[in-house]
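K.L.:
Quick one, fold the following:
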Amino acid sequence: MTLSHTVAVIGGGPAGLMAAEVLSASGVQVHVYDAMPSVGRKFLLAGRGGLNLTHSEPFDIFMSRFGDRRAQLEPMLTQFGPEQVREWAAGLGIETFVGTSGRVFPTDMKAAPLLRAWLQRLRAAGVQFHMRHRWLVGGDEPIAAASLRFATPAGEAAVNADAVVLALGGASWARLGSDGAWAPWLQARGVDVAPLLPANCGFDGAGWSEHFSSRFAGQPFKSVAISFTDSQGSRFARKGEFVATAKGIEGSLIYAASALLRDEIAAHGSATLLLDLLPDRSAEQVLAAVTHPRGARSLSSHLKSRLGLEGIKAGVLHEVLSRDAMQDPAQLAATIKAVPLRLVAARPIDEAISTAGGVRFDALDEGLMATALPGVFVAGEMLDWEAPTGGYLLTASMASGAAAARGAIKQLGL
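P.N.:
Residues are numbered from 1 along each chain as shown. A predicted model of the protein is given here:
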């Protein structure tokens with residue numbers, strides 16, 4: 001096969017690697033550049049607790065997780081969605097299974113074997129990797145069909161490419177390579193970029209007491225539910241678990257609501273969610289248990305005996321209720337079913353699991369090429385979308401990488 005075109009993929013995360021795979025399969029010479037010593041570093045970090053590749057729920061429900069970006073992402077995910085992710089993994093010799101939550105994992109729960117197999121296949125296809133090559137954004141030169149500049153251990157290097165796929169990630173976990181430095185560079189060249197914001201993040205509250213923080217920070221709220229309705233009437237309600245931090249809350253249940261909470265805080269300065277400590281008991285059952293005669297038992301013993309409330313769940317009640325209110329059965333029962341937690345700030349973007357904002361879709365053509373920069377394609381978390389954890393982030397990043405590659409192939413006339 002004669003390789004008549006060269007495409008530079010900048011960024012070695014899942015979106016960039018998938019772009020490289022699709023491009024190399026079309027006969028394009030692909031060079032992947034990454035500032036880090038190795039590719040897939042955030043991918044490996046995400047897999048430490050078990051690599052969540054995708055989700056098994058029906059496709060329509062899967063797509064609903066992308067909110068108001070569904071229309072833009074659905075064409076990509078139709079071509080490379082949850083089923084295709086599992087087939088792709090199987091092609092690498094990695095079998096998958098569906099967990100009790102519907103999430104899809106490799107059978108060994110590990111990211112490293114999958115990444116090794118993927119890189120082996122890419123190298124066998126002729127993809128060349130250039131590590132410790134940091135793209136020097138900020139120059140005045142165009143970047144397609146011209147010289148790219150990289151800072152390398154051996155000094156500055158210039159590279160020519162017929163097209164470029166940018167897959168530089170968002171701005172979370174900068175130590176793993178994604179720092180958002182590309183945003184002002186693209187904006188200066190006429191590419192519309194929505195502000196980068198934390199997504200799937202924790203929040204700081206109005207402040208736990210020193211007693212609560214010292215005793216319960218790091219401990220989970222398990223078998224609970226949260227609900228939140230923003231000022232526009234959008235509502236979130238779900239069961240799950242999350243963790244108390246020294247200043248607020250974080251964890252999977254909070255991440256799922258983070259977009260609504262973050263935007264409400266930005267608009268109004270705070271957001272108050274309601275925590276149901278006993279979602280499997282009705283308000284009537286809770287009230288009956290609270291009002292049941294307790295005899296000589298203390299209130300804490302009574303709540304533990306009748307409702308199983310102890311530890312962090314009992315502690316949070318003392319955070320929001322006065323001593324007198326704790327002795328009022330009606331008020332106590334109502335609060336057990338709806339503890340108000342006021343949040344005042346999202347945690348910094350570098351701590352977030354992912355990033356919202358990025359290159360707006362109306363700044364791109366249908367092949368994800370920047371209309372202001374012909375020959376430059378954008379993929380992954382650089383795009384203006386967000387989704388909860390659960391396999392949605394990884395699947396959509398890979399799907400957008402494949403879409404950007406198809407766009408480049410079409411633009412090159414292949």
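K.L.:
hey, let's count contacts and neighbours off CA atoms from now on
P.N.:
Fine.
K.L.:
The stretch 151-300 of the chain: helices as residue ranges?
P.N.:
182-188, 210-216, 252-256, 258-268, 283-291, 299-307 (DSSP state H, counting those that start in this stretch).
K.L.:
Okay, now the unreliable bits of the stretch 101-250 of the chain?
P.N.:
Residue ranges of the stretch 101-250 of the chain with pLDDT under 70: 138-146.
K.L.:
Strands of that one, residue ranges please.
P.N.:
Counting by DSSP state E, counting those that start in this stretch, the stretch 101-250 of the chain has strands at residues 103-106, 128-130, 134-135, 147-152, 155-160, 163-166, 193-199, 203-205, 220-229, 235-244, 248-250.
K.L.:
Which strands border the fourth one, and is each parallel or antiparallel?
P.N.:
Strand 147-152 has the following strand partners under DSSP bridges: strand 134-135 (antiparallel), strand 155-160 (antiparallel).
K.L.:
How far does it sit from its chain's centre?
P.N.:
29 Å (Cα atoms, centre = their mean, to the nearest Å).
K.L.:
coming back round to it: in TSV, list the strands paired with strand 147-152 along with distance to residue 269 and mean neighbour count.
P.N.:
As requested, these are exported to TSV (distance: least, Cα to Cα, whole Å; neighbours: other Cα atoms under 10 Å):
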stretch	distance to residue 269	mean neighbour count
strand 134-135	37	21
strand 155-160	46	13
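K.L.:
looking at those strands, which is closest to residue 231?
P.N.:
With Cα to Cα, the closest approach to residue 231 among the strands paired with strand 147-152 belongs to strand 134-135: 41.9 Å.
K.L.:
Leaving out sequence neighbours, find the closest residue to residue 67.
P.N.:
Nearest residue to residue 67, sequence neighbours excluded (Cα to Cα, 6 or more residues apart in numbering): residue 387, at 7.7 Å.
K.L.:
Tell me the secondary structure at the one you found.
P.N.:
Under DSSP: H, G, I helix; E, B strand; the rest coil, the three-state class of residue 387 is coil.
K.L.:
Give me the phi and psi angles of it.
P.N.:
According to degrees, to the nearest 10, the main-chain angles of residue 387 amount to phi -160, psi 160.
K.L.:
OK, contacts around it?
P.N.:
Going by Cα atoms under 8 Å, 6 or more residues apart in numbering, residue 387 touches 65, 66, 67, 199, 200, 393.
K.L.:
Separate out the buried members of these.
P.N.:
In these, burial by neighbour count holds for 65, 66, 199, 200, 393, counting by 16 or more other Cα atoms under 10 Å.
K.L.:
Would you mind giving these as a markdown table with distance to residue 412 added?
P.N.:
Output for these, formatted as a markdown table (distance: Cα to Cα, whole Å):
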| residue | distance to residue 412 |
| --- | --- |
| 65 | 33 |
| 66 | 31 |
| 199 | 35 |
| 200 | 37 |
| 393 | 29 |
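K.L.:
Give me the pLDDT for the nearest residue to residue 291 once chain neighbours are set aside.
P.N.:
Using Cα to Cα, 6+ apart and skipping residues adjacent in sequence, the residue nearest residue 291 is residue 329, 5.9 Å away. For residue 329, the model assigns a pLDDT of 94.
K.L.:
mind checking how far residue 329 is from residue 285?
P.N.:
Applying Cα to Cα, to the nearest Å, the value for residue 329 to residue 285 is 12 Å.
K.L.:
more neighbours, the two?
P.N.:
residue 329 (17 against 12; other Cα atoms under 10 Å).
K.L.:
so what's that one up against?
P.N.:
287, 290, 291.
K.L.:
Give me the buried subset of those.
P.N.:
Using 16+ other Cα under 10 Å as the burial test, the contacts of residue 329 include 287, 290 as buried.
K.L.:
partners of residue 243 in the sheet?
P.N.:
Residues in beta-bridge contact with residue 243 (DSSP bridges): residue 220, residue 250.
K.L.:
burial count for it?
P.N.:
20.
K.L.:
That one: what's it in contact with?
P.N.:
Contacts of residue 243 (Cα under 8 Å, 6+ apart): 217, 218, 219, 220, 221, 249, 250, 251.
K.L.:
wait, the fifth one sits on residue 242?
P.N.:
Spelled out, that is residue 221. Yes. In this structure, residue 221 is within contact of residue 242 by Cα atoms under 8 Å, at 5.4 Å.
K.L.:
Which helix runs longest in this structure?
P.N.:
Longest helix in the chain, counting residues (DSSP state H): helix 392-411.
K.L.:
Next, find the distance separating the closest residue to residue 398 other than its chain neighbours from residue 54.
P.N.:
If the residues on either side of it in the chain are set aside, residue 398 comes closest to residue 15, at 4.6 Å by Cα to Cα, 6+ apart. To residue 54, residue 15 is 14 Å away according to Cα to Cα.
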